[in-house]
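[1] Sequence first, predicted coordinates after that:
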2 protein chains.
Amino acid sequence: MDDSTPLKVALLGCGVVGSQVARLLIEQADDLRARIGRPLELVGIAVRRLQLERPGIDPALLTDDALGLASRPDVDLVIELLGGIEPARSLILAAIGAGSSVITANKALLAEDGGTIYTAAEAAGVDVYYEAAVAGAIPIIRPLRESLVGDEVTAVMGIVNGTTNFILDKMHTDGADFADVLAEAQALGYAEADPTADVEGYDAAAKAAILAGLAFHTRVNLSDVEREGITGVTSADIAAAKEMGCVIKLLARCALSDDGTIAVGVHPTMVPVAHPLASIPGAYNAVFIESRNAGRLMFMGPGAGGSPTASAVLGDVVTAARNRVRGTRGPGESTYSARGITPHGRVSSRYYVSMTVHDEPGVLAQVAGGFATQGVSLQAVRQESQGVQARLGVMTHLASGAQIERALQGLAEMPEVEAGISVMRVEGA
Amino acid sequence: MDDSTPLKVALLGCGVVGSQVARLLIEQADDLRARIGRPLELVGIAVRRLQLERPGIDPALLTDDALGLASRPDVDLVIELLGGIEPARSLILAAIGAGSSVITANKALLAEDGGTIYTAAEAAGVDVYYEAAVAGAIPIIRPLRESLVGDEVTAVMGIVNGTTNFILDKMHTDGADFADVLAEAQALGYAEADPTADVEGYDAAAKAAILAGLAFHTRVNLSDVEREGITGVTSADIAAAKEMGCVIKLLARCALSDDGTIAVGVHPTMVPVAHPLASIPGAYNAVFIESRNAGRLMFMGPGAGGSPTASAVLGDVVTAARNRVRGTRGPGESTYSARGITPHGRVSSRYYVSMTVHDEPGVLAQVAGGFATQGVSLQAVRQESQGVQARLGVMTHLASGAQIERALQGLAEMPEVEAGISVMRVEGA
């Protein structure tokens, strides 16, 4: 096949990202050809509604037969931008079965059932690339899969959901409540009408599973991820964070535990303002990596949006196309370490616990004793009298989730402690 | 060849980085084998002084016949960590001639004569990887070469020399003069006995040339880079930067000019404190990328040191080894765009110009008129009386180097303006 024979590309989905990918495939055709060594030809776009007006898209390319398009044996690369589990999974498997390499931004599917897809790709000898699935335009998959592959990653931590970062940012700046800021974010188009996937942390948890699997050369599924969203974050929590010199961020965190298992979780977390992740604004994403030899690295950039995500997709398209031209493949899934998941109760963190207590002698000693009984040592205590009651805030040293759980049970049983104890993880040394 | 046949690795140089690479090849052998699919075997280390004590290194591996080692036809991968132009170039060409892929951290050589090496590698069908040549452990070569390859990069800007960043940081914090801080940095081992390559900007300029070539798919050599070091930065400049809400950083900057040529320069630059590059501390490096679709990305991490640089080298070793196992190569040099270099006088920037003037009526108008004559408009002016004299600071809007040059000549001829006019570029909108 000579240098002028096009590689055929099929696009599944033509929404916010898909329409940008289609645009760039046409606008940048000459550059892409020069970079790949052969031209790309967009041969079809699968859409749900054929009738919809799509400016700049040749209507002759549109089809509502996604399975037919994905299965075409003459296609080289299939770009899947539908999202969700089905029909995306069946279409990707059909594409792989027909010998196509696949580029996808589908974090939900990869976190839920990536193994099925990687195994099929391995058997068929094709590539699956997914840089756009985590942190939008920020190159993070390739650095983990290839640049840091000669090192031992010990932790990956990130702000990987722009919607929740925007909401928490606003809550900090305006002192507003979650519900009000969510409504504003929805009005501005920063949050979906059904915001569950974002605000309950499902989206971040899927990304955490993908990052953890890559970083630690093992398979991690969505169900392995301890998940807590931001719906329970109150303006009182925000105020408490400020007092402690912190901001609250929804952090996805994957770390190697002492016993060789991996802790993977998504939690609203107090981050000291001096930490590089603390100043990541609005809709930006950032990923922080700690590794044995490289030390601490941070990557930041736009975490979502049509053009940034399309940039990540096109980078993968060029890489997969170059592999086709050379008759080779990129590195497949690496799961040789087969690490277990750290039981949630054994994951250690610092915590900030705040509560309202009766303002009477001996209460502080009793509360402190409640933590000590569970082996939790305290780093700082703040008490503020409010008449007959007082607000008590306690910053712990590293403690396991189980220790904190038991300490909280103990506190809840103390008559001096009011109901409504608030607990939050704290990042940093 | 089955999965247990080792890939043979030769190491040229066993200094700060080389000794860490040797250590990691042994310590991480099992992980590397699992990630590559075949074991690596370190077959020799070329050193200048055979007698030197090298803890942890098997003396049987050492040789002072670098050319013999680099030319071994049974070797698969040669890691070059000698630095400098010769004998590094000859050794790399010998390795390529013998069919080895090459991993190097040699920015000086790649910026001076990369073309010769890439051309030889292309002809021989082997890989040349050099992630460690720019910004130490930070994955920046691979993201530019592969992740952003479907996008159009418009600017790359970075702090890519830790020594000068440390010195400028100290000058800011302590208000100390350049010479004093340099002496301190030398005493601490952060600066070399001969600091020329760092403080005169040669090291940063080599990295700028490499980044520019990758970002814009063209060949850029060291001689194309406009270069200014930090030896002329005074404590008065630092104080002026602080007054303007800026810090001074040695920035490497590559940008696409309006006419399609590329501006590449290294200059001490005033950076507004709110800019992400302003807060990069001490020996850290950071690279900021602007691209058409991805938007603004930033990468930060340790810019030097044995272990971080070794991490980048090992990442390339795994990638090159995986290619060997699959009988393929990674992407070679991409120079199809063959862009010219923007003449230095036509590169545009904002500038801060400060000078001492006679404090008498009409001086400000005359100075402002001097800029206006050259078509340079002013964004801000600060005047501070000091008795018979006054300090005058002027922030320009975007202007070309030639315009500023001519405006400065005009100022120098005004009897009201004292000698010793200070000029500095200003980053940001």
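    That came through fine.

[2] State the three-state secondary structure for residue A:135.
    Here residue A:135 takes the coil state, with states given by DSSP: H, G, I helix; E, B strand; the rest coil.

[3] Surely it and residue A:301 touch.
    Yes. Using Cβ atoms under 8 Å as the test, residue A:135 is close enough to residue A:301 to be in contact (7.4 Å). Just so you know, the C-beta spots here come from the backbone N, C-alpha and C atoms, and that holds for glycine as well.

[4] and those two? which has more neighbours close in?
    For the pair residue A:135 and residue A:301, the greater number of neighbours falls to residue A:135 (32 against 27), based on other Cβ atoms under 10 Å in any protein chain shown.

[5] rewinding a little: intersection of neighbour lists for residue A:135 and residue A:301?
    Overlap between the neighbourhoods of residue A:135 and residue A:301 consists of A:285-286, taking contacts as Cβ atoms under 8 Å, 6 or more residues apart in numbering or on different chains.

[6] Please save the CA atoms from the helix or strand of chain A with the lowest mean pLDDT in PDB.
    Lowest by mean pLDDT, DSSP states H and E among the helices and strands of chain A is strand A:378-386, with a mean of 90. Extracted C-alpha coordinates of strand A:378-386, given in PDB (Å, rounded to 0.1, in the frame of the first residue of the first chain):
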ATOM      1  CA  LEU A 378      -4.100  14.500  67.300                       C
ATOM      2  CA  GLN A 379      -2.000  17.100  65.500                       C
ATOM      3  CA  ALA A 380      -4.100  20.200  66.300                       C
ATOM      4  CA  VAL A 381      -7.200  21.100  68.300                       C
ATOM      5  CA  ARG A 382      -9.300  24.300  68.000                       C
ATOM      6  CA  GLN A 383     -12.100  25.200  70.400                       C
ATOM      7  CA  GLU A 384     -14.400  28.200  70.000                       C
ATOM      8  CA  SER A 385     -16.900  29.000  72.700                       C
ATOM      9  CA  GLN A 386     -20.400  29.900  71.600                       C
END
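
[7] Which residues in the helix or strand just after it does the neighbour count mark as buried?
    Following the chain from strand A:378-386 toward its C-terminal end, the next helix or strand by DSSP states H and E is strand A:389-396. By neighbour count, with 16 or more other Cβ atoms under 10 Å in any protein chain shown as the criterion, the buried positions of strand A:389-396 are A:390-396.

[8] residues in contact with strand A:389-396?
    A:240, A:243-244, A:350-359, A:363-364, A:367-368, A:371, A:376-384, A:404, A:418, A:426.

[9] re earlier: the least confident helix or strand of chain A packs against which elements?
    Other elements packing on strand A:378-386 under the criterion 3 or more Cβ pairs under 8 Å, 6 or more residues apart in numbering or on different chains; DSSP states H and E are helix A:363-373, strand A:389-396.

[10] same thing but at 10 Å, please
    Applying 3 or more Cβ pairs under 10 Å, 6 or more residues apart in numbering or on different chains; DSSP states H and E, one finds that strand A:378-386 makes contact with helix A:235-243, strand A:348-358, helix A:363-373, strand A:389-396.

[11] got any ranges where the stretch 251-400 of chain A has weak pLDDT?
    Along the stretch 251-400 of chain A, the model assigns pLDDT under 70 to no residue.

[12] Would you mind confirming that residue A:138 makes contact with residue A:158?
    Yes. Using Cβ atoms under 10 Å as the test, residue A:138 is close enough to residue A:158 to be in contact (9.2 Å).

[13] any shared contact partners between these two?
    Common contacts of residue A:138 and residue A:158 (Cβ atoms under 10 Å, 6 or more residues apart in numbering or on different chains): A:285-287, A:299-300, A:303.

[14] Make CSV out of those and add distance to residue B:413, neighbour count and secondary structure.
    Formatted as CSV, the entries for the shared contacts of residue A:138 and residue A:158 read as follows, by distance: Cβ to Cβ, whole Å; neighbours: other Cβ atoms under 10 Å in any protein chain shown; DSSP: H, G, I helix; E, B strand; the rest coil:
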residue, distance to residue B:413, neighbour count, secondary structure
A:285, 53, 25, strand
A:286, 50, 25, strand
A:287, 54, 27, strand
A:299, 50, 24, strand
A:300, 47, 26, strand
A:303, 53, 27, coil
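
[15] ok and the residue in the stretch 251-400 of chain A nearest chain B?
    Of the stretch 251-400 of chain A, the residue with the smallest distance to chain B, taken as Cβ to the nearest Cβ, is residue A:314 at 2.4 Å.

[16] Pull out the buried residues from the strand or helix carrying that residue.
    Assessed by DSSP H and E, residue A:314 sits inside helix A:306-326. Going by neighbour count (16+ other Cβ under 10 Å), the buried part of helix A:306-326 is A:306-324, A:326.

[17] now do stretch A:216-225
    Within stretch A:216-225, the residues scored as buried using 16+ other Cβ under 10 Å are A:216-222, A:224-225.

[18] And residue A:213, its phi and psi?
    For residue A:213, the backbone dihedrals are phi -60, psi -50 (criterion: degrees, to the nearest 10).
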